[in-house]
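Chemist: please find the sequence and the predicted model below.
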Amino acid sequence: MRRKATVVEARAVGAYRWLACSDDGPTPRPGQFYMLAAVEEWGGGDGERPFLPRAFSYLRAGDGRIEFLWEDVGPGTRRLSALQAGDGLWLLGPLGNGFTAAPGPLLVGGGIGIVPLACWQDTVGGLALLGFRDERHAEAAELMSGEVELATDDGSSGHAGFVTELLASALDRDPVVTVYACGPPPMLEGVRALCAERGVPAQLALESGMACGFGACFGCVVPTRTGYVRLCVDGPVLAAAELEAVA
Amino acid sequence: MIDFCGIALEHPVINASGTFDAIAARRAFGDAILERFPFSAFVSKTVTLEPREGNPPPRLWEQGAGLVNSIGLPNKGLRGYLEHDLPELAELPVPLIVNVMGSTREEVATLVAAFAERDVVAALELNLSCPNVKTGLDFGVDPAATEGLIAHVRPLTDKPLIVKLTPNATDSAAVAEAARDGGADAVSLINTLRAMPLHPMTGEPWLGGRTGGASGPAIRTIALAQVAQVAARVDLPIVGMGGVQRGRDALDLMHAGATIVAVGTESFRDPLAATRIVHEMTPSEDSRSLEAPSTAR
């Protein structure tokens, strides 16, 4: 259930904000997520945004602490980015389903989508293909424990172009893999389409705005071949084959 | 123990319909959620005769002090609910109130009759925020349609009938009077207020359903006004709701005339928020027992 954690350490990693907090909750599985909210200045008074907690995959967990990473893109991540060691953080989780192990893991991440792939690479290994906007964002690749191939949109680090181009080359070399991907919707749609074309199984960690994270609000639905599913309780990891497209 | 329409409740805080899925919460948190169930009665999501998939996403918009949602009442329909949901909800440690909605009297009657014969159902809540196919207007904004609907289904069950009022009516108290005259046992209010957030870049409606319902602390004072207005004109038990975040918000609604209180949006922020709110409903949190005027908070 929701519990109060204490921030142990917080710092910038390239364009992102990295934070570690104490946690004595259940051990999460890679791909699962948490709902986070600062204890202070988060909808406790009247008229405040952020108001709802925000959903984040965890980067790494163990030894009584848990790590997160985000980019400051709105009022919620801005407030979280202001947290310093000793500040309070509400945690609800682990929530959702997480990745399922299968032979030949090949990890594909875009931007902040590398987060669930970090702990997954710790667990299953495999090569991680990572795409970022630019060199500054690509600094987050240092958080991965295993082998990495980089792409940046502006060519400032690694391959100049999309990570899906790295994926196409990797599948040319070895098509007998299971793809695990997380990133922005256009990238995930590229991964989904490519894997469908090549007959490669893929698990996609999706994102959707959520009010609660535990199935109460029905706000985070995504369309699948069998209708809408709530990403919080039926995801956030979905088999690519369940989707017509990533919207 | 509190007596609400003959139902014994351990404390005065229940959930607002559609803001807590006890079955999903049990999947997420395990049986711990049953052992620490935050509400004294559980109100189900709205059940309709036929299954509904709900509105296309996006379904949520965060605003200052609240939320606008356009969920569209997804549910498995009456048959699916009876087969899949009801047996699981029967395992909850608190009385079950089933919320139903239909677009004709006959549809509502079928739903009420189906639940009337289920012992596990303690009461029924009628969601009147549905267009009446005869008039195109929501039942809940039309006193005559409301009275006719309640009178039609009243003979079908001995269970308490709670009528959920919409704040989008011109005169909620007139609708409450009509519900009473039709034979309702209680009213619940307020439902969400119609709202339309716009996409910050395109200026088009953000929500897949174009408009949605505003909830959360932003609507708290509106709820107080409507509960007070209804309480002044109708002598029925009232379930008060709208922006309850703290014990004093719940006490405020009860001072305005609510018999019990429902928590909705705050449960999204913390699944056990209702438990905290109940603990906070102590005399020391009751602003009427404080010397300072309530506006000085």
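Modeler: All right, it came through fine.
Chemist: who in chain A is up against chain B?
Modeler: A:1-2, A:37, A:43, A:46-53, A:90, A:92, A:95, A:208-223, A:227-228, A:230, A:232-233 (Cβ under 8 Å from any Cβ of the partner chain). Quick note: C-beta positions are derived from backbone N, CA and C, even for glycine.
Chemist: now a PyMOL select for only the buried ones of those residues.
Modeler: A single PyMOL command selects the buried members of the residues of chain A next to chain B (16 or more other Cβ atoms under 10 Å in any protein chain shown):
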select buried, chain A and resi 1+2+37+43+49+50+51+52+53+90+92+95+208+209+210+211+212+213+214+215+216+217+218+219+220+221+222+223+228+230+232+233
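Chemist: so which of the residues of chain A next to chain B sit within helices?
Modeler: A:232-233 (DSSP state H).
Chemist: distance check, whichever residue of the stretch 151-297 of chain B sits closest to chain A against B:Thr46.
Modeler: In the stretch 151-297 of chain B, the residue that lies nearest chain A is B:Phe268 (4.0 Å; Cβ to the nearest Cβ). Distance of B:Phe268 to B:Thr46, computed by Cβ to Cβ, to the nearest Å: 17 Å.
Chemist: what of B:Met281?
Modeler: Taken as Cβ to Cβ, the span from B:Met281 to B:Thr46 is 28 Å.
Chemist: could you break chain A into its assigned domains?
Modeler: Structurally, chain A divides into domains by automatic domain parsing as follows: A:3-95, A:105-242.
Chemist: okay, the ones you listed, which one's buried deepest?
Modeler: Each of the domains of chain A was scored by mean neighbour count; the highest is domain A:105-242, a mean of 20, by mean count of other Cβ atoms under 10 Å in any protein chain shown.
Chemist: shouldn't B:Ile33 be within a helix?
Modeler: Yes - assessed by DSSP: H, G, I helix; E, B strand; the rest coil, B:Ile33 belongs to a helix.
Chemist: how many neighbours does it have?
Modeler: Counted with other Cβ atoms under 10 Å in any protein chain shown, the neighbours of B:Ile33 add up to 21.
Chemist: residue contacts, it?
Modeler: A:1, B:22, B:25-26, B:271 (Cβ atoms under 8 Å, 6 or more residues apart in numbering or on different chains).
Chemist: please repeat the previous calculation with a cut-off of 10 Å.
Modeler: By Cβ atoms under 10 Å, 6 or more residues apart in numbering or on different chains, the residues touching B:Ile33 are A:1, A:214, B:20, B:22, B:24-27, B:92, B:271-272.
Chemist: about what we covered before: the helix or strand hosting the residue of the stretch 151-297 of chain B closest to chain A: what's the following helix or strand?
Modeler: Under the criterion of DSSP states H and E, B:Phe268 resides in helix B:265-269. On the C-terminal side of helix B:265-269, the closest following helix or strand by DSSP H and E is helix B:273-280.
Chemist: who's residue 239 bridged to?
Modeler: I went with chain A, as the question did not name one. Using DSSP bridges, the bridge partners assigned to A:Ala239 are A:Gln203.
Chemist: chain B, not that one
Modeler: Bridge pairing for B:Val239 - DSSP bridges - gives B:Ser188, B:Ile260.
Chemist: swap in A:Ser22?
Modeler: Assigned bridge partners for A:Ser22, using DSSP bridges, are A:Arg65.
Chemist: so it touches A:Val8, yeah?
Modeler: Yes - with contacts counted by Cβ atoms under 10 Å, A:Ser22 reaches A:Val8, the gap being 5.9 Å.
Chemist: any regions of chain A where pLDDT drops low?
Modeler: Residue ranges of chain A with pLDDT under 70: A:44-47.
Chemist: the residue in chain B positioned nearest to chain A is in what secondary structure piece?
Modeler: Using Cβ to the nearest Cβ, the closest approach of chain B to chain A is made by B:Ala24 at 2.5 Å. Per DSSP H and E, B:Ala24 falls inside helix B:22-29.
Chemist: which helices and strands sit right next to that helix?
Modeler: Contact partners of helix B:22-29 among helices and strands, from 3 or more Cβ pairs under 10 Å, 6 or more residues apart in numbering or on different chains; DSSP states H and E: strand A:88-95, helix A:231-234, helix B:32-35, helix B:86-89.
Chemist: switch the cut-off to 7 Å
Modeler: Applying 3 or more Cβ pairs under 7 Å, 6 or more residues apart in numbering or on different chains; DSSP states H and E, one finds that helix B:22-29 contacts helix A:231-234, helix B:32-35.
Chemist: in TSV, list those helices along with distance to A:Gln84.
Modeler: Formatted as TSV, these follow (distance: least, Cβ to Cβ, whole Å):
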stretch	distance to A:Gln84
helix A:231-234	29
helix B:32-35	32
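Chemist: wait, which of the ones you listed is closest to B:Asn15?
Modeler: helix B:32-35 (12.3 Å; Cβ to Cβ).
Chemist: and the gap between the residue of chain A at minimum distance from chain B and A:Arg133?
Modeler: Closest residue of chain A to chain B, Cβ to the nearest Cβ: A:Gly215 (2.5 Å). Distance, A:Gly215 to A:Arg133, by Cβ to Cβ: 33 Å.
Chemist: so the longest strand anywhere in chain A versus strand A:88-95, what angle?
Modeler: Identified as the longest strand of chain A according to DSSP state E is strand A:3-13. Using axes from the mean of the first three to the mean of the last three Cα atoms, to 10 degrees, the inter-axis angle of strand A:3-13 relative to strand A:88-95 is 100 degrees.
Chemist: show me what strand A:3-13 is packed against.
Modeler: Applying 3+ Cβ pairs under 7 Å, 6+ apart, one finds that strand A:3-13 contacts strand A:16-22, strand A:88-95.
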